[in-house]
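>>> need a 3D model of the following:
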Amino acid sequence: MHLKNIVYSFACQAFSAVIGAAIYEHLCVVPRWAAAPPYSLSMFQGEYALNPEAFWIPIHPVTLLLLIITLVLSWKTPRRKNLLVAVSGYIVILIITGIYFVPQLLEITGTPYSAEVDVELTGRAKMWEALSIVRLFVLVVLSIALFLGLTKPSAVD
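Just a heads-up that it's a prediction; the model follows:
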């Protein structure tokens with residue numbers, strides 16, 4: 001098996017891990033904290049608070065690095081187009097995440113706990129959730145482009 005195929009497979013695996021974790025969060029975590037903030041934010045506070053950063057901070061650089069290495073190794077192959085779509089799209093997603101999603105999430109989840117529900121904060125949380133689902137959909141489309149690259153030759157004929 002060629003090194004190109006092995007690295008490409010690892011890049012696909014890392015990208016899939018990002019998508020899998022995002023799906024898990026949207027099914028199990030986000031609906032809970034977004035339901036009635038600040039009352040529903042207790043999972044982010046206290047000694048045993050949820051720490052999603054432990055996953056998200058390392059996975060993105062690893063995934064991006066694997067995608068870029070794969071792009072470099074596959075530059076002169078038919079896979080280049082698929083990789084360019086995936087890498088450029090992922091970079092755009094990461095930029096948007098850093099500019100909007102992370103600051104908004106930290107602001108919402110950092111709101112001090114209260115047994116009262118804040119209607120404005122709940123609206124912001126629901127908007128964040130809806131936009132994050134759109135972001136997840138884009139990631140899934142990018143992953144399809146990435147995986148379709150595996151159907152192309154890893155070398156120039």
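>>> next, residue 38: phi, psi?
phi -80, psi 0 (degrees, to the nearest 10).
>>> state the distance from it to residue 111.
The gap separating residue 38 from residue 111 is 4 Å, by Cβ to Cβ, to the nearest Å. The way it works is simple: take the backbone N, C-alpha and C, and place the C-beta from them, glycine included.
>>> higher neighbour count, the two?
Between residue 38 and residue 111, residue 38 has the larger neighbour count (other Cβ atoms under 10 Å), namely 23 against 16.
>>> my guess is that one contacts residue 110, does it?
No. With contacts counted by Cβ atoms under 8 Å, residue 38 stays clear of residue 110, the gap being 9.6 Å.
>>> which residues touch the most centrally placed residue in the chain?
Nearest residue to the geometric centre of the chain (Cα atoms, centre = their mean): residue 18, 4.9 Å. By Cβ atoms under 8 Å, 6 or more residues apart in numbering, residue 18 lies in contact with 59-60, 63, 139.
>>> and it, that one's in a helix?
Yes. If the criterion is DSSP: H, G, I helix; E, B strand; the rest coil, then residue 18 is within a helix.
>>> flag every buried residue along the helix ranked longest in the chain.
Ranked by number of residues, the top helix in the chain under DSSP state H is helix 119-148. By 16 or more other Cβ atoms under 10 Å, the buried positions in helix 119-148 come out as 121-122, 124-125, 128, 132, 136, 139, 142-143, 146.
>>> could you report the neighbour count for residue 30?
19.
>>> do residue 58 as well
By the measure other Cβ under 10 Å, the count of residues near residue 58 is 10.
>>> helix/strand/coil for it?
Looking at residue 58 with three-state DSSP, the answer is helix.
>>> ditto for residue 50
Taking three-state DSSP, the label given to residue 50 is coil.
>>> can I get the strand or helix carrying residue 102 as PDB, trimmed to CA atoms?
Per DSSP states H and E, residue 102 falls inside helix 102-109. Output of helix 102-109 as PDB, limited to C-alpha atoms (Å, rounded to 0.1, in the frame of the first residue of the first chain):
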ATOM      1  CA  VAL A 102     -16.400  29.700  19.800                       C
ATOM      2  CA  PRO A 103     -16.800  33.300  21.200                       C
ATOM      3  CA  GLN A 104     -20.600  32.900  21.200                       C
ATOM      4  CA  LEU A 105     -20.500  29.500  22.800                       C
ATOM      5  CA  LEU A 106     -18.100  30.700  25.500                       C
ATOM      6  CA  GLU A 107     -20.200  33.700  26.200                       C
ATOM      7  CA  ILE A 108     -23.400  31.700  26.400                       C
ATOM      8  CA  THR A 109     -22.000  28.800  28.500                       C
END
